[in-house]
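**Student:** Any chance you could fold what I've pasted below:
(4 chains)
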There are 2 protein chains.
Amino acid sequence: MPGSTDRKKNRLTAEERRAAIVEAAVRLFAEKGFRGTTTRELAAAVGVSEPVLYQHFATKGDLYTAIIEAICRHRDRDRDGLLELARHAEDDEAFFSRLAELILEWYDEQPEVVRLLLFSALEEHDLKDRFVETQVAMLYEILTEYLERRMDKGVFRRMDPYLAARAFTGMVSHQGMAKVVFGIDDLRGSRQEIARKIADIFVNGIRSHGAQGA
Amino acid sequence: MPGSTDRKKNRLTAEERRAAIVEAAVRLFAEKGFRGTTTRELAAAVGVSEPVLYQHFATKGDLYTAIIEAICRHRDRDRDGLLELARHAEDDEAFFSRLAELILEWYDEQPEVVRLLLFSALEEHDLKDRFVETQVAMLYEILTEYLERRMDKGVFRRMDPYLAARAFTGMVSHQGMAKVVFGIDDLRGSRQEIARKIADIFVNGIRSHGAQGA
DNA sequence: GTCTATACTGAGATAGAC
DNA sequence: GTCTATCTCAGTATAGAC
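**Tutor:** This is a model prediction of the structure:
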């Protein structure tokens, strides 16, 4: 049986090999970009010869595209979780704090995705728009909806909810960018504390006057 | 005189040619990155042969470095203006609003610099840190100082001023990034209006309770 | 292994100042 | 016309996708 559980096998099934290639490619493309990564390095990182890469992906570009697609599909699942979080949230402070934490966590735990996203946007990849949509713009949507609801309830001041959503996203994600892309990592406190403080500024900033306090 | 004002001369002085090369290189490097730009394209864009490039810059890398250096030096002058603005500001709303406007303006008017900054950070250029320092971190510094002063006066709540500075920077610059890098340009209103609204959220978010209103 | 593209070069041509 | 800074032709070596 080809896909058996043998430890020391060099020969993997097509599926396994493909996965191994994708894994190495994510690392390399994220580190050096599409143009900065050579097929030779790629093959070396996987531990195979270049022709093997081309048995799984017709071109270097196809491999890159496959990676982005996979990330987008994976994130589509996150979306449901976030929607759930937004729909069931009662305490604004808690909601924005938790959301900020999740965003910061994303930057900490998936820096490769962040870098791939930026590279693909800068290099104008075909899937750039879909990539941006699933990774960033989706947040705008969820947040806008939440903010509208709370404005309707009179808890938040009347304002452009989309702009407010963008402002919050920026407050948080900029910190992730600074860390992952620019290497600026001098914020004091835990991720949770940072998230809470940012959420605090934001919620106070949009709350209706006279509706302050816990 | 070699640098005369003749119209139709192909032959430029060294200085003029150098400037022409830099100008074309900024455009190309910003568009396609360092690796994505070939010396052939570069030469074609300038309207000369490749060897001419090498008479002015020993390597392609030297040209790239020279560009970044020039941008950094140029921006050092902006810094003084911002410091001035921060020191003489009296009205918080006006100050943050104006600052936001200047940041958004920077993204609108110098998208090449933004893209170069990101490319250089992602591609780990030697001058990346200096570049980030002059273009972004400088803002943190100026804002932190301002916020500290206002907290001392009791106008703003006591909080980590550096984090607040970062949060404000993020609120604003994220919008510029979204536009320039991700191509998301669906915010309603003029730059000035957007700046005012963002500043409004921020200032309300950090203001001492009981100190609201104009 | 093959074939193309790319960073870089040496030797010479030429425009333009005097 | 002479001289020199400015520019071109025709490459080489290397590296990269396939």
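**Student:** just how off-centre is the strand or helix carrying A:L42 within its chain?
**Tutor:** Assigned by DSSP states H and E, A:L42 falls within helix A:39-46. How far helix A:39-46 lies from its chain's middle: 26 Å, per CA atoms, centre = their mean, to the nearest Å.
**Student:** can it be found next to DNA strand D?
**Tutor:** Yes. Using CB under 7 Å from any atom of the strand, we find that helix A:39-46 touches DNA strand D at A:39-40. C-beta here means a position set from N, CA and C on the backbone, and glycine is covered the same way.
**Student:** helices and strands around the helix or strand following that helix, which ones?
**Tutor:** Sequence order places helix A:50-56 as the next helix or strand after helix A:39-46, per DSSP H and E. Using 3 or more CB pairs under 8 Å, 6 or more residues apart in numbering or on different chains; DSSP states H and E, the elements in contact with helix A:50-56 are helix A:14-36, helix A:39-46.
**Student:** Could you tell me the angle between whichever helix or strand comes after helix A:50-56 and helix A:39-46?
**Tutor:** Next in sequence after helix A:50-56, counting helices and strands by DSSP H and E, comes helix A:60-88. Relative orientation of helix A:60-88 versus helix A:39-46 (axes from the mean of the first three to the mean of the last three CA atoms, to 10 degrees): 60 degrees.
**Student:** Does chain B have contacts with helix A:60-88?
**Tutor:** No. On the criterion CB under 8 Å from any CB of the partner chain, helix A:60-88 is out of touch with chain B, staying 13.6 Å away.
**Student:** Stretch A:59-77: how far from the chain's middle?
**Tutor:** Distance, stretch centre to chain centre, for stretch A:59-77: 13 Å (CA atoms, centre = their mean).
**Student:** what about that stretch, near DNA strand C?
**Tutor:** No. Remark: stretch A:59-77 sits outside contact range of DNA strand C, by CB under 7 Å from any atom of the strand, the gap being at least 13.1 Å.
**Student:** Could you give the average pLDDT over that stretch?
**Tutor:** Mean pLDDT, computed over stretch A:59-77, is 95.
**Student:** ditto for stretch A:99-106
**Tutor:** Stretch A:99-106 shows a mean pLDDT of 97.
**Student:** do the same with stretch A:22-35
**Tutor:** 96.
**Student:** which bits of chain A sit near DNA strand D?
**Tutor:** Residues of chain A lying near DNA strand D (CB under 7 Å from any atom of the strand): A:37-40, A:50, A:54, A:59-61.
**Student:** Could you identify the most distant pair in those?
**Tutor:** Farthest apart among those by CB to CB are A:R40 and A:G61. That separation is 16.3 Å.
**Student:** nearest residue to the residue nearest the centre of chain A other than its sequence neighbours?
**Tutor:** The centre of chain A sits closest to A:Q135, judged by CA atoms, centre = their mean, with a distance of 5.0 Å. Nearest residue to A:Q135 in three dimensions, chain neighbours excluded: A:L117, at 5.5 Å (CB to CB, 6 or more residues apart in numbering or on different chains).
**Student:** lowest-confidence helix or strand of chain A?
**Tutor:** Sorting the helices and strands of chain A by mean pLDDT, DSSP states H and E puts helix A:14-36 at the bottom, at a mean of 92.
**Student:** Contacts for that one, please.
**Tutor:** Helix A:14-36 is touched from outside by A:3, A:12, A:37, A:41-42, A:45-48, A:52-53, A:56-57, A:60-61, A:63-64, A:66-67, A:70, A:111-113, A:115-116, A:119-120, A:123, A:125, B:33, B:35-36, B:122-123, with contacts defined as CB atoms under 8 Å, 6 or more residues apart in numbering or on different chains.
**Student:** got it, and stretch A:63-70?
**Tutor:** When contacts are defined by CB under 8 Å, 6+ apart, stretch A:63-70 is touched by residues A:21-22, A:25-26, A:29, A:34, A:42, A:53, A:56-57, A:116, A:120, A:125-127, A:130-131.
**Student:** quick one: the residue in chain A positioned nearest to DNA strand C and A:K60, what's the gap?
**Tutor:** The nearest approach of chain A to DNA strand C comes at A:E50, 5.9 Å away (CB to the nearest atom of the strand). Distance of A:E50 to A:K60, computed by CB to CB, to the nearest Å: 10 Å.
**Student:** Find residues that contact each of these two.
**Tutor:** Listed as contacting both A:E50 and A:K60 by CB under 8 Å, 6+ apart are A:39, A:42.
**Student:** So for these two, which residue has more residues nearby?
**Tutor:** A:K60 (18 against 13; other CB atoms under 10 Å in any protein chain shown).
**Student:** gap between that one and B:E31?
**Tutor:** From A:K60 across to B:E31, the span is 21 Å (CB to CB).
**Student:** Likewise for A:E112?
**Tutor:** The gap separating A:E112 from B:E31 is 24 Å, by CB to CB.
**Student:** do the same with A:E145
**Tutor:** For A:E145 relative to B:E31 (CB to CB), the value is 36 Å.
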